[in-house]
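**Student:** show me how the following folds:
(2 chains)
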Amino acid sequence: MKRRNFMSLLAAMITLPPGARAQAPSSEPAIIAVTRGAKLVRGRVRLEMPVIADNGNAVPLRVTVESPMTLADRVKAIHLVSDRNPVRNMASFHFGPAIGRAELSTRVRLAGSQNVTAIAEMADGTFWMDRSHIQVTLSACVDES
Amino acid sequence: MSARIQLPDSAKRGEIIDVRILIQHAMETGYRFDDRGTPIPRNVIHTIICIFNGSEVLRADTSSGISANPYFQFSMIAEVSGDLELTWIDDEGARGTERQSLIVRE
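**Tutor:** Here you go, the predicted model:
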């Protein structure tokens, strides 16, 4: 290695504090926290979200799950997971027996372009999901990204 | 702190109705700074509970990933007349409640 190259590498290592290095986007640990290691299958869930958002502060989204919502076959909970927000587990919604349709709408805050995962936890213990990518032009003021 | 619960004026027994909830709250993330550069402490709603006539309809665990002035829409089976009671709790321990009645016709 040339001395010049070595010096620039050294400078880069010194000037960059550890926290400033971008964390690789990942939702894996947050998903495991939801499923507790159970198999997660793509399907039965539909996540509707814009493809592009000018602003990450209030992104509308809707989750619908294919479920008859009978006592035996129903959605127990819907979880929303981000792969870039500082808090990956954005929200969990636990459905009581009075919920009539397997759907939920809300508005989320997104720290930049990323994948959002919607997970449905069914009464029989299975987990289903859908994932969408969203391009966020102006990220929500939640971290340095 | 205040909130709004939007329900239809009345419903038929067994009808599935839409419930809309809007809570006035800054959902302060803890990553922002004020004009003087002092960090604004985190204060978000972490729990939201909807109870109809004593039984839980929806419970939400929320974080800074939910927008300021949280909004939720979900459905509910109207079986009997009664009150839908909404409670929310934030990081500072502040608790808010709101109530809305529903009339169910035969």
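**Student:** surely A:Val136 and A:Ser113 touch.
**Tutor:** Yes: counting by Cβ atoms under 8 Å, A:Val136 touches A:Ser113, with 4.9 Å between them. For the C-beta atoms, the positions are set from N, CA and C on the backbone; glycine is no exception.
**Student:** so between the two, which is more surrounded?
**Tutor:** A:Val136 (21 against 17; other Cβ atoms under 10 Å in any protein chain shown).
**Student:** identify the bridge partners of the more buried one.
**Tutor:** Note on A:Val136: beta-bridge partners A:Ala53, judged by DSSP bridges.
**Student:** what does B:Trp88 give?
**Tutor:** Those that pair with B:Trp88 in a beta bridge, by DSSP bridges, are B:Ile48, B:Gly96.
**Student:** distance-wise, check it relative to B:Met76.
**Tutor:** 18 Å (Cβ to Cβ, to the nearest Å).
**Student:** likewise for B:Arg13?
**Tutor:** From B:Arg13 to B:Met76 the distance is 13 Å (Cβ to Cβ).
**Student:** more neighbours: the two, which one.
**Tutor:** Per other Cβ under 10 Å, whichever of B:Arg13 and B:Met76 has more neighbours is B:Met76, with 23 against 12.
**Student:** which SS state does whichever residue of chain A sits closest to chain B fall under?
**Tutor:** Across chain A, the shortest distance to chain B (Cβ to the nearest Cβ) belongs to A:Met90, at 3.0 Å. Assigned with DSSP: H, G, I helix; E, B strand; the rest coil, A:Met90 falls in the strand class.
**Student:** and the pLDDT for the residue nearest to it when sequence neighbours are not counted?
**Tutor:** Distances taken as Cβ to Cβ, 6 or more residues apart in numbering or on different chains place B:Gly65 nearest to A:Met90, at 3.0 Å, with adjacent residues excluded. What the model reports as pLDDT for B:Gly65 is 94.
**Student:** before we move on, what about B:Glu79?
**Tutor:** For B:Glu79, the model assigns a pLDDT of 93.
**Student:** mind checking how far it is from chain A?
**Tutor:** 8 Å (Cβ to the nearest Cβ, to the nearest Å).
**Student:** did I read that right, that residue in a strand?
**Tutor:** No: using three-state DSSP, the assignment for B:Glu79 is coil, not a strand.
**Student:** contacts only, for B:Arg59.
**Tutor:** By Cβ atoms under 8 Å, 6 or more residues apart in numbering or on different chains, the contact set of B:Arg59 is A:93-94, A:96, B:47-50.
**Student:** check B:Val80 too.
**Tutor:** B:13, B:53, B:104.
**Student:** the residue in chain B that chain A sits nearest to: neighbour count?
**Tutor:** Of all residues in chain B, B:Gly65 sits closest to chain A, at 3.0 Å by Cβ to the nearest Cβ. Residues near B:Gly65, counting by other Cβ under 10 Å, number 26.
**Student:** pretty sure it sits against A:Ser82.
**Tutor:** Yes: B:Gly65 sits in contact with A:Ser82 when judged by Cβ under 8 Å, with a separation of 5.9 Å.
**Student:** okay, and the common contacts of the two?
**Tutor:** A:90, A:108, A:110.
**Student:** correct me, but the second one touches B:Ile66?
**Tutor:** Which is A:Val108. Yes: at 6.2 Å, A:Val108 counts as touching B:Ile66 under the criterion of Cβ under 8 Å.
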